[in-house]
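In: need coordinates for the below:
(one chain, ligands or ions: 2)
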Amino acid sequence: MAYSVFIDGEAGTTGLQIRERIETRDDIRLIAIDPDRRKDATARREAFQQADVAILCLPDDAARQAVDLARDLDVRIIDASTAHRVDDRWAFGFPELNAGARHRIADARLVSNPGCYSTGAIAILAPLVAAGLIAPDEPLTINAVSGYTGGGKALIAEYEDGAAPAHFVYGLNQRHKHIPEIMAHAGLSRQPIFAPAVGNFAQGMAVQVPLFLDDRRTLDSLTAALADHYAGQRFIEVAQGTGSRIVPTDLNDTNRLRITVQGDPDNGCATVVAVLDNLGKGASGAAVQNLNIMLGVDEGSGL
Ligand SMILES: NC(=O)C1=CN([C@@H]2O[C@H](COP(=O)(O)OP(=O)(O)OC[C@H]3O[C@@H](n4cnc5c(N)ncnc54)[C@H](OP(=O)(O)O)[C@@H]3O)[C@@H](O)[C@H]2O)C=CC1
Ligand SMILES: CC(=O)N[C@@H](CCC(=O)OP(=O)(O)O)C(=O)O
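Out: Ligands and ions are numbered 1, 2, ... in the order given. Sure thing, here's the model as predicted:
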C-alpha cells in the first residue's frame, strides 16, 4: 500500500527538495495540484482531503491558513515553517532531542520541523543543558553562517542576480525568529545572543557556541556528554576537533549533522560547532525523516 502525501508549497526551495527525496519511492504517492491553483483554498483543501500526510513548505501565515483549511480532516501535518514550533499541541520534529521525542513524532497528528539554525543550536545545547554542563541561565552566544538558500526564493534571486554581498551579518536586533524555539527546546531560561550571517554559497551552515572551560566543563566532558546523547543516532555524529577548518558545506545534500568540540584547556576557551545542510537536516531532510517516523517505515528512506 502507498501512502498519499501532499507537499503544500512544492515549488518553493524546501518543497522542491522534499519532492526530490520522495518522488521515486514506491511506498509514497504524491498528490499534486495544478500549479496555477497552488494558492487556491478549494484545490488545497481537496488535496488535504486525499492525503495521509501533508507537508507545509509555506511562509508562516500561509502555514497557519493551511492548518485551518485542514482542521476537520484526518490528514496528518508536518509544518516546515516557524508557525508552530513552540506550540505544545505540536510534536517538535527533532527525533534525536530526547528519549521520548521519536515516539511523540510517531504518534502525532501535528509535527513542527525545527528551523535550520535552531537544529544546529539545539543539537549542541540541549544535551549539554541536560547533562548540567551548561546552566539554563548561563550567558551564551550563538554565532552562525548559512548558505543563501536559507532565505528562500527571495534571497536566492538576490544572489543569482549578483546583487547580494559576499557575506553579511543580520538579526542584530536580537529578535530572530529562531530564538524562542532554541530557548524552549534547549531548556534555556536566559536569552542567548544570536549572531547569524549569510555567505555567498547556496547550501550548508555552521552554528557555533563558544564556551569557557572549567574543572567540570572540559573538552572531554563536553565531547562525552554529546557522544553519549547521540550514541546510535544514524544522522548525528560527534567528534573532538584537531584545530583544522570547519567547512559549512561539508555535509551538503545529506541529512547528517556533525558536532565538533575544540579549544585549548590551557587558556580555557572552547567552541562547539554544528555543521549541517540547511536544506537537509535543517529543513527537507528533517521533514522526510519525520515523515518516515510518522509512517512507521525505515527512518532513512529517501535520505
Ligand atoms: N530555506 C530554508 O533553508 C528553510 C526554510 N524553512 C521554512 O520552510 C518554509 C518554506 O520556505 P522556503 O522553501 O525557503 O520558501 P520559498 O520562498 O522558497 O517557497 C515558498 C513557497 O510557498 C508558496 N506560497 C506562498 N504563499 C502561499 C500560499 N498562500 N498558498 C500556497 N503556496 C504559497 C510560494 O509560491 P510563490 O513563490 O508562487 O509565492 C513558494 O513556492 C518557510 O516557512 C521557511 O521558513 C525551514 C527550514 C529551512
Ligand atoms: C539565511 C536566512 O535568511 N535564513 C532564515 C532562516 C531559515 C529557516 O530555517 O527558516 P525557518 O525558520 O523559517 O524555517 C532567516 O534567518 O530567517
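In: okay, T242: pLDDT?
Out: With respect to pLDDT, T242 scores 84.
In: residue ranges for the strands of the stretch 151-300 of the chain, please.
Out: According to DSSP state E, counting those that start in this stretch, the stretch 151-300 of the chain carries its strands in the segments 167-169, 193-199, 205-212, 236-240, 257-264, 269-276.
In: I'd like those as a markdown table, with distance to ligand 1 and mean neighbour count appended.
Out: C-beta: built from backbone N, CA, C; applies to glycine. Listed next are the strands of the stretch 151-300 of the chain as a markdown table, based on distance: least, C-beta to the nearest ligand atom, whole Å; neighbours: other C-beta atoms under 10 Å:
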| stretch | distance to ligand 1 | mean neighbour count |
| --- | --- | --- |
| strand 167-169 | 16 | 12 |
| strand 193-199 | 11 | 19 |
| strand 205-212 | 8 | 22 |
| strand 236-240 | 17 | 18 |
| strand 257-264 | 14 | 21 |
| strand 269-276 | 10 | 23 |
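In: possible to save the ones you listed as CSV with distance to Y159?
Out: What follows is those, written out as CSV (distance: least, C-beta to C-beta, whole Å):
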stretch, distance to Y159
strand 167-169, 11
strand 193-199, 9
strand 205-212, 15
strand 236-240, 29
strand 257-264, 24
strand 269-276, 20
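In: looking at these, which is closest to L133?
Out: strand 205-212 (8.4 Å; C-beta to C-beta).
In: hang on, I28 packs against R21?
Out: No. Using C-beta atoms under 8 Å as the test, I28 is too far from R21 to be in contact (9.9 Å).
In: where in the stretch 1-150 of the chain is pLDDT low?
Out: For the stretch 1-150 of the chain, applying pLDDT under 70 flags no range at all.
In: one more time with 80
Out: 1 (pLDDT under 80).
In: around ligand 1, pick out the residues from it.
Out: The stretch 1-150 of the chain comes close to ligand 1 at residues 9, 11-15, 38-39, 57-60, 62, 80-82, 115-116, 149-150, as judged by C-beta under 6 Å from any ligand atom.
In: just the buried ones out of those residues, please.
Out: Listed as buried from these are 9, 12-15, 38, 57-58, 62, 80-82, 115-116, 149-150; burial here means 16 or more other C-beta atoms under 10 Å.
In: so which of the residues you listed are also by ligand 2?
Out: Filtering those for proximity to ligand 2 by C-beta under 6 Å from any ligand atom leaves S81, T82, G115, C116, G150.
In: let me know the secondary structure of the second one.
Out: In other words, T82. coil (DSSP: H, G, I helix; E, B strand; the rest coil).
In: measure R234 to P95 for me?
Out: Applying C-beta to C-beta, to the nearest Å, the value for R234 to P95 is 10 Å.
In: give the residues shared as contacts by these two.
Out: E299 (C-beta atoms under 8 Å, 6 or more residues apart in numbering).
In: which one of the two has more residues nearby?
Out: More crowded of R234 and P95, by other C-beta atoms under 10 Å: P95, with 23 against 13.
In: correct me, but the more buried one touches R102?
Out: Yes. In this structure, P95 is within contact of R102 by C-beta under 8 Å, at 4.2 Å.
In: which parts of the stretch 51-200 of the chain are helices?
Out: 60-69, 101-107, 116-130, 152-160, 179-186 (DSSP state H, counting those that start in this stretch).
In: now P210. Nearest residue, chain neighbours left out?
Out: Excluding the flanking residues, the one nearest P210 by C-beta to C-beta, 6 or more residues apart in numbering is T271, at 5.0 Å.
In: list the contacts of that neighbour.
Out: Residues near T271 by C-beta under 8 Å, 6+ apart: Q208, V209, P210, L211, V261, Q262, G263.
In: want to throw these into TSV with distance to I293 and pLDDT?
Out: Listed next are the contacts of T271 as TSV, based on distance: C-beta to C-beta, whole Å; pLDDT from 0 to 100:
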residue	distance to I293	pLDDT
Q208	29	98
V209	27	98
P210	33	98
L211	31	98
V261	28	97
Q262	32	96
G263	35	96
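In: overlap in contacts, P95 and R102.
Out: Residues touching both P95 and R102 (C-beta under 8 Å, 6+ apart): I293.
In: identify the bridge partners of the residue nearest to P210.
Out: In this structure, T271 bridges to P210, Q262 when assessed by DSSP bridges.
In: so what's the residue of the chain found nearest ligand 1 up against?
Out: Nearest to ligand 1, among the residues of the chain, is G12, at 2.1 Å (C-beta to the nearest ligand atom). Contact analysis of G12 by C-beta under 8 Å, 6+ apart lists C57, L58, G152, K153.
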